[in-house]
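Colleague: Got a sequence here, can you build the structure:
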Amino acid sequence: MSVLARFSVLCQRTLIGSYTVVSRNKQVFFSIVMLAGSVMITTILYLKRPATIIEEPVRTIVTVDVTEVVKQNLRIPIQAQGTVTPLQETSVMSEVNGRIIEVSPSFIVGGFVSKDDVLLRIDPRNYKTSLLRAEASVKSAQSNLAQETGRAKVAEQEWKKTPRGKQRTQASKDLYLRKPQLDQALAQMLAAQADLNTASDNLERTSIRAPYDALIRTKHSELGQFVAAGTPLADIFSVEYAQIRLPIPQNKLEYLELPELGTMQNGSPVDLYTEVGGQVKHWSAYLHHTEGVFDARSRVLFSVVRIKDPYGLQYPHAEPLRIGTFVNARIEGKELFDIVRLPRYVIRAGNNVWVIDETGLLRTRSVTLLRTGGDFVYVSAGLNDGELVSLTTLDNSFEGAQVRIESQIPSNMVDQAGRPEKQPEPEIIEATAAAELLTNDSYGN
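Modeller: Residues are numbered from 1 along each chain as shown. Down below sits the predicted model:
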């Protein structure tokens, strides 16, 4: 490269270096100017800021319905279900052989029969013949016994006339007095009398009678059929009493008045109800007894309700409670003291309720509940007389909210939906009282 070229390159590098130094100085200068300007503007804005105004938070007033706590002495009902079953059920069988020659008009499925009514008759001719033979045997045995008794008396008179020296052993005396023959004649008469009784019983057994007031569930025989001893004729059950086995959970037994073990004294009253023809029908009864043992699988104790005259035969206008009906049972509990009844829906998670305090604010309150089911809960602790409990459902965000009371109902007059309980009409009250009078005599003992 020539000297001129080298000089030219050196000059270019010098100019570029000078330009770079000048550009960096400018950047630093402009940066300082911008930073100073920002600080100045921030200071001016801070000094010129408006005064701060502190406002109170706005509280929204919540409108609620409340119930006023009223402590009561209550009997907590226990709900149960069961099926109506007969107290007595019998399979009627033939005790003799023969052909059925007569059938009662009531001998039909669903027919009612009274105690000792004849259901059917078996041909009695063979048994009448046997009875006549047995009677003849008895008369023959009686005649033989009378003859032997006379001979024994004659022999006794002759024995007394025999000189004492010639009287021999006691065995000889008994044989002379015909005691063995007399005992044989007496035994024959007793055997003949037993045969007569058997023949009479067999003849009586040709008439099949109802053992109690009953309804015929099924029949297994008909007119003209030949039956042997042990042949089933019909299945019947008693209509004097019926019973219902109600399962009671172990944790609810403490709320009931159960009949004492080993006795048949009535326990808690029971209201039985079910839907019949689109209407709910009710029957009154009592707990009659308990079965005394817990079910091994379900851990329940079966309590038995007994109902007198379930088909209303003694009271024709009473609604029949037919065997096999599935019914609900409302068992009245024993009296508990200082209990608050509330609709179940007002209880929040953790057994909490909304309570309005003295300042009108919503507060959460934990309460103690009895272990029961149904549409109501029963508070044993945590609430005092006169306190207000919210009937309006609210979430947790309303804690401490100011409330305005829309309506107020005493807790002993609120229904399961949080509304005032409806009082029955006078006509309904009179009809219910009349129905109770009709069923008062139907409680089984």
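
Colleague: Now do the helices in this protein.
Modeller: 3-47, 125-161, 170-176, 179-205, 426-439 (DSSP state H).

Colleague: tell me the domain boundaries of the protein?
Modeller: The record's domain parsing of the chain by automatic domain parsing lists 1-54, 64-74+336-413, 78-86+240-332, 92-236.

Colleague: need the ones you listed in a markdown table with mean neighbour count, mean pLDDT and distance to R419, can you?
Modeller: All C-beta spots, glycine's among them, are computed from the backbone N, C-alpha and C. Shown next, in a markdown table, are those (neighbours: other C-beta atoms under 10 Å; pLDDT from 0 to 100; distance: least, C-beta to C-beta, whole Å):
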| stretch | mean neighbour count | mean pLDDT | distance to R419 |
| --- | --- | --- | --- |
| domain 1-54 | 9 | 67 | 45 |
| domain 64-74+336-413 | 16 | 88 | 8 |
| domain 78-86+240-332 | 17 | 86 | 21 |
| domain 92-236 | 15 | 86 | 45 |
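
Colleague: Mind putting these into a markdown table with distance to P420?
Modeller: Putting the domains of the chain into a markdown table (distance: least, C-beta to C-beta, whole Å) gives the following:
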| stretch | distance to P420 |
| --- | --- |
| domain 1-54 | 46 |
| domain 64-74+336-413 | 6 |
| domain 78-86+240-332 | 22 |
| domain 92-236 | 46 |
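
Colleague: and the longest strand anywhere in the chain, how far out from the chain's middle?
Modeller: Criterion DSSP state E: the longest strand present in the chain is strand 279-294. Taking the mean of its C-alpha atoms, strand 279-294 sits 7 Å from the chain's own mean (C-alpha atoms, centre = their mean, to the nearest Å).

Colleague: Stretch 378-387 too?
Modeller: 30 Å.

Colleague: Would you agree E135 is in contact with Q193?
Modeller: No - at 10.1 Å, E135 does not count as touching Q193 under the criterion of C-beta atoms under 8 Å.

Colleague: Provide a list of residues in contact with D117.
Modeller: By C-beta atoms under 8 Å, 6 or more residues apart in numbering, D117 lies in contact with S104, S106, R209, A210.

Colleague: hmm, which two among those residues are most spread apart?
Modeller: Using C-beta to C-beta, those span at most 12.0 Å, a distance reached by S106 and R209.

Colleague: what sits in contact with each of these two?
Modeller: Listed contacts common to S106 and R209 are D117, L119; contacts here mean C-beta under 8 Å, 6+ apart.

Colleague: residues contacting the closest residue to S140 other than its chain neighbours?
Modeller: Leaving aside its chain neighbours, S140 sits nearest to A192 (7.2 Å; criterion: C-beta to C-beta, 6 or more residues apart in numbering). Shown in contact with A192 (C-beta under 8 Å, 6+ apart): A134, S137, V138, S140, A141.

Colleague: thought the first one was touching L203?
Modeller: No - taking C-beta under 8 Å as the definition, A134 is not a contact partner of L203, at 9.9 Å.

Colleague: any chance you could map the strands in the stretch 251-400 of the chain?
Modeller: Applying DSSP state E, counting those that start in this stretch to the stretch 251-400 of the chain gives strands spanning 269-276, 279-294, 300-308, 326-331, 335-343, 352-356, 362-366, 368-369, 376-381, 388-390.

Colleague: wait, which of those is closest to P259?
Modeller: That would be strand 279-294 among the strands of the stretch 251-400 of the chain, by C-beta to C-beta, at 5.0 Å.

Colleague: Show me what that closest one is packed up against.
Modeller: In terms of contacts (3 or more C-beta pairs under 8 Å, 6 or more residues apart in numbering; DSSP states H and E), strand 279-294 is packed against strand 241-249, strand 269-276, strand 300-308, helix 426-439.

Colleague: and that strand, which strands flank it?
Modeller: Based on DSSP bridges, the pairing partners of strand 279-294 within the sheet are strand 269-276 (antiparallel), strand 300-308 (antiparallel).

Colleague: any chance of these in TSV, plus distance to A285?
Modeller: Converted to TSV, the strands paired with strand 279-294 look like this (distance: least, C-beta to C-beta, whole Å):
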stretch	distance to A285
strand 269-276	5
strand 300-308	5
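
Colleague: Looking at those, which is nearest to S130?
Modeller: Evaluated with C-beta to C-beta, the strands paired with strand 279-294 place strand 300-308 nearest to S130, the distance being 42.9 Å.

Colleague: quick check: angle from the closest one to strand 241-249?
Modeller: 160 degrees (axes from the mean of the first three to the mean of the last three C-alpha atoms, to 10 degrees).

Colleague: now what about strand 300-308, what contacts it?
Modeller: 80, 82, 84, 87, 240-250, 253, 256, 258, 267, 270, 272, 283, 285-291, 293-295, 321, 329, 331, 441-445.

Colleague: Please repeat the previous calculation with a cut-off of 7 Å.
Modeller: Outside strand 300-308, the residues that touch it by C-beta atoms under 7 Å, 6 or more residues apart in numbering are 87, 241-250, 253, 258, 270, 283, 285, 287-291, 294-295, 321, 329, 442-444.
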